[in-house]
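Student: Prediction below, plus the sequence it came from.
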Amino acid sequence: AQTVTQSQPEMSVQEAETVTLSCTYDTSESDYYLFWYKQPPSRQMILVIRQEAYKQQNATENRFSVNFQKAAKSFSLKISDSQLGDAAMYFCAYEVIQGAQKLVFGQGTRLTINP
Amino acid sequence: DAGVIQSPRHEVTEMGQEVTLRCKPISGHDYLFWYRQTMMRGLELLIYFNNNVPIDDSGMPEDRFSAKMPNASFSTLKIQPSEPRDSAVYFCASSLSYTIYFGEGSWLTVV
């Protein structure tokens, strides 16, 4: 069974600094997607970034980028120039390509931004 | 694009009452999902549909829960009778090409 592990329940960073959130996953599949979702206090789940496993190039979305290490089954999220609005729970998620489109979520990391 | 639309946003109901949560997926999306989020269990997939057909309802906790998708633009999740342990945020989500977009959630409190 696929599992996703976020080993950092909480992280904090100074505003304008850079922070990296960790995620590892376990799968026997070769083709899959990985995602980071952000959940602010409003509880809405917001898609931050997506990575296709077959792509070697790391995905980037403005201040958000990932470090995807397929062999190590690692998928970390880097947030540059942290802003107060980045404060949220961040969930790493995995989705296999073959068959059903089902997300497997990690436990989440609560990110605090210190002004 | 309007995104996934859920209603109601908040619902407080008494134990034993019927609760119906509604969802309008993003137009053109062929998958629809119902998730539940609680502090204890995190995010759980309850059921999902493909082209309006239920594919996997193994996450539905018990017979009190039911979900329908009568057409491509509407789905309901019903709890009857509701219990306090059903209190949670219920998310509807839809996807096309493997990227899943969530609605804002329905906060359910059963007292």
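Tutor: Received it, and whenever you're ready, just let me know what you need.
Student: got the residue ranges for the helices in chain A?
Tutor: Taking DSSP state H as the criterion, chain A contains no helices.
Student: For chain B, what lies in contact range of chain A?
Tutor: B:31, B:33, B:37, B:42-43, B:45, B:48, B:55-56, B:89, B:91, B:93, B:95, B:98-105, B:107 (Cβ under 8 Å from any Cβ of the partner chain). Bear in mind the C-beta positions are built from the backbone N, C-alpha and C, glycine included.
Student: which non-adjacent residue is nearest the residue of chain A found nearest chain B?
Tutor: Nearest to chain B, among the residues of chain A, is A:M45, at 3.7 Å (Cβ to the nearest Cβ). Excluding the flanking residues, the one nearest A:M45 by Cβ to Cβ, 6 or more residues apart in numbering or on different chains is B:F102, at 3.7 Å.
Student: quick one: low-confidence ranges for chain A?
Tutor: A:99-100 (pLDDT under 70).
Student: Please enumerate the strands of it.
Tutor: Taking DSSP state E as the test, the strands found in chain A are A:3-5, A:10-14, A:19-21, A:24-26, A:32-39, A:46-52, A:60-61, A:64-69, A:74-79, A:88-96, A:103-105, A:109-114.
Student: ok, the residue nearest the centre of chain A - contacts?
Tutor: In chain A, the residue lying closest to the centroid (Cα atoms, centre = their mean) is A:W36, at 3.3 Å. For A:W36, the contact set (Cβ atoms under 8 Å, 6 or more residues apart in numbering or on different chains) comprises A:21, A:23, A:47-49, A:64, A:66, A:77, A:90-93.
Student: Just the buried ones from those?
Tutor: A:21, A:23, A:48-49, A:64, A:66, A:77, A:90-93 (16 or more other Cβ atoms under 10 Å in any protein chain shown).
Student: which bits of chain A sit near chain B?
Tutor: So chain A meets chain B at A:33, A:35, A:37, A:42-47, A:50, A:91, A:95, A:97, A:100-103, A:105, A:107-108 (Cβ under 8 Å from any Cβ).
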